[in-house]
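S.K.: heads up, no residue letters with this:
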């Protein structure tokens, strides 16, 4: 079950990136630290390994013009 959840998170983030006309590499470069090597590979690894931080997800959302809101179920 864990694998299915991680896949959906990865797909959700990638979906927002593509839906807004961006490419993964563009977003990776925008949120990466200066002089960072392989920002696309780093972002892909974090998504695949479920090691992306919440702050990084917020940075991606901000780069795409979104904000993350929590809503009670």
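M.R.: Nice, I can see it. Here the structure is a predicted model, which is why all the values come from computation and not from measurement. Numbering: from 1, shown residues only.
S.K.: so how many other residues sit close to residue 10?
M.R.: 17 (other C-beta atoms under 10 Å). C-beta: built from backbone N, CA, C; applies to glycine.
S.K.: how about residue 39, what does it touch?
M.R.: 25, 28-29, 31-32 (C-beta atoms under 8 Å, 6 or more residues apart in numbering).
S.K.: repeat the analysis, applying 10 Å as the threshold.
M.R.: 24-33 (C-beta atoms under 10 Å, 6 or more residues apart in numbering).
S.K.: again with residue 71
M.R.: Taking C-beta under 10 Å, 6+ apart as the definition, residue 71 has no contacts.
S.K.: tell me the SS of it?
M.R.: coil (DSSP: H, G, I helix; E, B strand; the rest coil).
S.K.: quick one: it from residue 19, how far?
M.R.: The gap separating residue 71 from residue 19 is 20 Å, by C-beta to C-beta, to the nearest Å.
S.K.: for PyMOL, write a command that selects the buried ones of the contacts of residue 39.
M.R.: A single PyMOL command selects the buried members of the contacts of residue 39 (16 or more other C-beta atoms under 10 Å):
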select buried, resi 24+27+28+31+32
